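Trainee: curious how this folds, go ahead:
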Amino acid sequence: MGADGTEINSNAVAPDRAAGMPLSSAQAAGSIRPRNKTWQRFVAIGDSFTEGMNDEDPDHDGAFIGWADRLAPLLAAHTDEFRYANLAVRGRRLKAIAGEQTEQAIAMGPDLVSLAGGGNDILRPKADLDALATQLEESARAIRATGADVLLTTPSDPIGAPVIVHYRGRMATYTAHVWKIAQRQGCYVLNQWSFDFLRDYRMWSDDRIHMTTEGHRRVALAAYAALGHDPAEADWHVPPPPQAAFSRFASIQHNMVWAREYGGPWMKRRVRGRSSGDHVHPKRPALVPLYPSPDPR
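Mentor: All right, here's what the predicted structure looks like:
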C-alpha cells in the first residue's frame, strides 16, 4: 500500500498517458500514485540540498531559503494549523540524517517528513551504496511506523555536467534504491532524475553542486506535485528556452575558476576530515508556526 493508503503499482500506465495525452503535474513529478492530502506538521531533514544552498535569503545575510522552505507555505495554504521545522545541515552524511536527525524529527510528532540524503556519501568512491540504502530504509521505516508520511528524494541526473558526470552510475544505482524503498515502505517520491530542467546550467550555482533560486523554486513546485497537489505554475517541469553554449575557451576558463574556488577547497576538507557544516546549526530547529519565520542567526 502507498503512503496515502492506495495500492502501489509502479508499472501501471496512467489512463491519460496510455491515450497519448500529456503528463499531469503530479505524474511528471514521478510520484507513486499521489493523492491530495492535508498535512499540519512538516519536518524536513537532510543536507545542504534541504538546507537550501544556494538559494540566498535576502532578509537574512548568509542564510538560505531552499525548496523545503518554499514547499512549506504551499502546504500551509491548506490548513490553519500548520507547523514546520527544518533540521537539515550542509555537509551531513546519511548516517547523521538517518540517525540523529530522524530521531529528532520523530520526537516532534510530524505527519509529513521529507527525507533526502546520501549525496555526500555517493561522492566518496569507497561508499557502499547497498549499505547506504539500508540506512535510508531504516529511517523511512521508523518514520512510517509513527503513521507519518515520508517524501523521499532521488538524485538528479548529472548527464552533461562537468566532473560529477563520472558519478552518474552510482547516482543511478542509488535512485533505483530510493524507488525500491518507496515501494516497500509506502513513501512519496520527489523524482529529480526525471527533471529535464535540471540539466540546464542556469539551474545550478557556480559550485555546480547546489541549485540556484530558480532551481529551488522549481523543485519546490515539483515536491508539491509529488505530494498530490497541482501547482499554480503548471509549467514548472518545462526547461527554460535554450541559450548559446559556452565557447571552448570560456569553458576552460570556467573550469579553472571552479577548480580554484570550489574543487580545491572541497578536496582539502575531505583530506582533513572536515565538513562545510561543522559549525552550522539547523535553521528551523523547532516545529513552530510558519509565520513569522525564525531568525536563522
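
Trainee: what about the helices in the stretch 51-200 of the chain?
Mentor: 67-76, 94-96, 102-107, 119-122, 129-144, 168-185 (DSSP state H, counting those that start in this stretch).

Trainee: nearest to Tyr201, of these?
Mentor: Closest of the helices of the stretch 51-200 of the chain to Tyr201 is helix 168-185, at 16.4 Å (criterion: C-beta to C-beta). Any C-beta I mention is one placed from the backbone N, CA and C, and that applies to glycine too.

Trainee: relative to helix 129-144, how tilted is the closest one?
Mentor: Using axes from the mean of the first three to the mean of the last three C-alpha atoms, to 10 degrees, the inter-axis angle of helix 168-185 relative to helix 129-144 is 30 degrees.

Trainee: which strands and helices lie in contact with helix 168-185?
Mentor: Counting contacts by 3 or more C-beta pairs under 8 Å, 6 or more residues apart in numbering; DSSP states H and E, helix 168-185 is packed against helix 119-122, helix 129-144, strand 149-153, strand 188-190.

Trainee: distance to Thr50 added to those, as a markdown table?
Mentor: Below are the helices and strands packed on helix 168-185 laid out as a markdown table (distance: least, C-beta to C-beta, whole Å):
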| stretch | distance to Thr50 |
| --- | --- |
| helix 119-122 | 10 |
| helix 129-144 | 14 |
| strand 149-153 | 8 |
| strand 188-190 | 11 |
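
Trainee: buried set for the host helix or strand of Ala225?
Mentor: Secondary structure from DSSP states H and E places Ala225 in helix 213-226. Buried residues in helix 213-226, counting neighbours by 16 or more other C-beta atoms under 10 Å, are found at 213, 215-226.

Trainee: mind putting these in TSV, pLDDT and distance to Ser139 included?
Mentor: Shown next, in TSV, are the buried residues of helix 213-226 (pLDDT from 0 to 100; distance: C-beta to C-beta, whole Å):
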residue	pLDDT	distance to Ser139
Thr213	96	29
Gly215	97	25
His216	97	23
Arg217	97	27
Arg218	97	26
Val219	98	21
Ala220	98	22
Leu221	97	25
Ala222	97	22
Ala223	97	18
Tyr224	97	23
Ala225	95	24
Ala226	95	18
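
Trainee: would TSV of the helices of the stretch 51-200 of the chain with mean neighbour count and mean pLDDT be doable?
Mentor: Output for the helices of the stretch 51-200 of the chain, formatted as TSV (neighbours: other C-beta atoms under 10 Å; pLDDT from 0 to 100):
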stretch	mean neighbour count	mean pLDDT
helix 67-76	22	98
helix 94-96	19	98
helix 102-107	17	98
helix 119-122	21	94
helix 129-144	19	98
helix 168-185	18	97
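
Trainee: in a markdown table, list these along with distance to Met53.
Mentor: Below are the helices of the stretch 51-200 of the chain laid out as a markdown table (distance: least, C-beta to C-beta, whole Å):
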| stretch | distance to Met53 |
| --- | --- |
| helix 67-76 | 11 |
| helix 94-96 | 17 |
| helix 102-107 | 20 |
| helix 119-122 | 12 |
| helix 129-144 | 21 |
| helix 168-185 | 19 |
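
Trainee: and of these, who's closest to Glu233?
Mentor: Each of the helices of the stretch 51-200 of the chain has some distance to Glu233 by C-beta to C-beta; the shortest is helix 67-76, at 10.6 Å.

Trainee: could you check the angle that closest one makes with helix 213-226?
Mentor: 40 degrees.

Trainee: how far off strand 149-153 does helix 67-76 point, in degrees?
Mentor: Going by the same axes, to 10 degrees, helix 67-76 makes 140 degrees with strand 149-153.

Trainee: what's the distance between the spatially closest residue to Glu137 that is not a sequence neighbour and Thr213?
Mentor: Using C-beta to C-beta, 6 or more residues apart in numbering and skipping the chain neighbours, the partner closest in space to Glu137 is Ile181 (4.6 Å). The spacing between Ile181 and Thr213, counted by C-beta to C-beta, to the nearest Å, is 30 Å.

Trainee: how about Pro231?
Mentor: Noted for Pro231: a distance of 17 Å to Thr213, by C-beta to C-beta.

Trainee: same check on Arg202?
Mentor: Arg202 is 11 Å from Thr213, by C-beta to C-beta.
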